[in-house]
Every structure is written in structure tokens, then in C-alpha cells.
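Undergrad: my questions concern the predicted model and sequence given below.
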Amino acid sequence: MPVQILTVESHPFAENSYVVWNEGSTEAFVIDPGFEPELIVEALKDRGLTLAAIVCTHGHCDHIAGTAALKRAYPSAPVIIGAGDAAMLTDAMANMGALFGFDVTSPPADRTLNEGDVFTVAGVTMDVFDVPGHSSGHVVYVLRDTAPKLVLGGDVLFRGSVGRTDFPGGSFEQLKRNIARVLWPLPDDTVVYPGHGPTTTTGHEKRTNRFLAD
């Protein structure tokens, strides 16, 4: 069954949340719910989908701001995040919300993930990779059994850019090294769904991304 991915952009940070489901299924999961969770609920209802899980790539406020509202709307949906950023969910200082004037907190994680984990939600199976550098516990999710390969990448690799590395826990050299380790071995037609901006491919970024040139 082909995987469907719907982009839901939320403001004020133009952050991309993604609703992911298998065509023909009645279950979906959301990646990185932002500041306008009502748009995600509306998208689910319009498509006759129920929320099976709330999955986060990292713990910055713009990627977790909608988690509490979605958890209230779908209490059985677990909150899932990489182990390294789990503490950011419940701490507005750690998740950078307080820095921008937002008192953003989330319910704590129901499940944490580490590199090498394989998990399935709403019938979609993903491999987990640690890609720190934007945040210290950032993970990316590589979907299995899709053609081309699909990556739910958060704030790691953007079209023509990379995630900022000037926040606490950030490191440009670490980010660059982990992009090369995790993403560059993937086929050039691998589609990356980033936390901000349009989709891109690993091949395009290898050839043209000036931040990652050797």
C-alpha cells in the first residue's frame, strides 16, 4: 500500500508537520505537531483517519507545540521521541519555547527511541537513526519498503541548507558528520521531508548544498 504524506505548515515558525498513513488505512501518525494542531485534527477528520501516534524528530518547541492538544484529542496516541531529547518535552527552557516567549510543554514521552530501533506505527515501519547537531538528541526516521526511499528528517537537512546549530546542544561539525554518515549512503532519489521548507532529495543536496561541500 503506497504511503501518503500530507504536509501541514504551522506558524509562526513555518514548521512542517506531516500526517503519514498507508493508502486505504484508517490510521495515521503525525510527525512534529506544531503550533496549529487544529489543522492536523481537521486533516485527519477530512480523511477519515484516527491518530495512532505522535512522533517527534526532536524536542524544540516548534516541533512539539501541538503535542498536548493532540494528546487531549486522541488520548490513546503515544508520544514518541528520541531518548536524547525526551526531557525537552516537559521543560519550556530546554525546548527553547521560553526563549521565544512561548510556555510550550508536552506530555512526557510514552516511548523513547534510539539508533538501531525499528518500529511500526499505523502500518508504517521505520528505521531510527541518531543525527545530532541541531539538537543533541535529534533522530530521523527512514521508512522501509517505499520506492523511492522516504526520510522524515526534522531540522537536519533542508533544500539548500541545514538545521541551525547555534542552539544549546548544537554542533555544525557533528551535524555535517552525521548527515554524511546517515543520509548520504541512501539512494540519490531518496526524498527528505524536512521540518521547514520544501522536500528535497539526498542526491540534489549532495551535489548542490553549499553547507555540506567537502
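TA: Structure received.
Undergrad: could you pull out the helices for the protein?
TA: Using DSSP state H, the helices of the chain run over 37-46, 61-64, 67-73, 172-182, 202-208.
Undergrad: where does the prediction get shaky in this protein?
TA: Within the chain, the stretches with pLDDT under 70 are 1, 95, 97-98.
Undergrad: one step back: return the most buried member of the helices of the chain.
TA: helix 61-64 (a mean of 28; mean count of other Cβ atoms under 10 Å). In this view, the C-beta of every residue, glycine as well, is placed from N, C-alpha and C.
Undergrad: look up how far residue 110 lies from residue 77.
TA: Distance of residue 77 to residue 110, computed by Cβ to Cβ, to the nearest Å: 9 Å.
Undergrad: of those two, which one has the most company?
TA: Remark: of residue 77 and residue 110, residue 77 carries more neighbours, 22 against 14, as counted by other Cβ atoms under 10 Å.
Undergrad: can you name the residues that contact the nearest residue to the more buried one once chain neighbours are set aside?
TA: In space, and not counting its chain neighbours, residue 77 is closest to residue 51: 4.6 Å by Cβ to Cβ, 6 or more residues apart in numbering. Contact partners of residue 51, counting by Cβ atoms under 8 Å, 6 or more residues apart in numbering, are 27, 28, 29, 30, 44, 70, 73, 74, 77.
Undergrad: measure residue 51 to residue 43 for me?
TA: Counting by Cβ to Cβ, the gap from residue 51 to residue 43 is 10 Å.
Undergrad: ok, residue 211 next?
TA: Distance from residue 211 to residue 43, by Cβ to Cβ: 32 Å.
Undergrad: what does residue 101 give?
TA: In this structure, residue 101 and residue 43 are 27 Å apart, going by Cβ to Cβ.
Undergrad: quote the end-to-end distance of stretch 30-37.
TA: End-to-end distance of stretch 30-37 (Cα to Cα, to the nearest Å): 10 Å.
Undergrad: ok, stretch 20-28 next?
TA: End-to-end distance of stretch 20-28 (Cα to Cα): 5 Å.
Undergrad: run a quick neighbour tally on residue 12.
TA: Neighbour number of residue 12 under other Cβ under 10 Å is 11.
Undergrad: for the chain, just list every one of the strands.
TA: Listed in chain order, the strands found in the chain under DSSP state E are 3-10, 15-22, 27-31, 50-55, 79-82, 111-113, 118-121, 124-130, 139-143, 150-154, 157-158, 161-162, 191-194, 200-201.
Undergrad: picking that back up, what are the bridge partners for the residue nearest to residue 77, then?
TA: residue 28 (DSSP bridges).
Undergrad: you'd agree residue 64 is up against residue 33?
TA: Yes. Contact between residue 64 and residue 33 holds when scored by Cβ atoms under 8 Å: they sit 7.1 Å apart.
Undergrad: what about the residue nearest to residue 150 when sequence neighbours are not counted, how many residues nearby?
TA: The shortest distance from residue 150 to any non-neighbouring residue, by Cβ to Cβ, 6+ apart, is to residue 143 (4.4 Å). For residue 143, the number of neighbouring residues by other Cβ under 10 Å comes to 19.
Undergrad: return the distance of residue 143 relative to residue 29.
TA: Taking Cβ to Cβ as the measure, residue 143 falls 11 Å from residue 29.
Undergrad: no further queries at this time; thank you.
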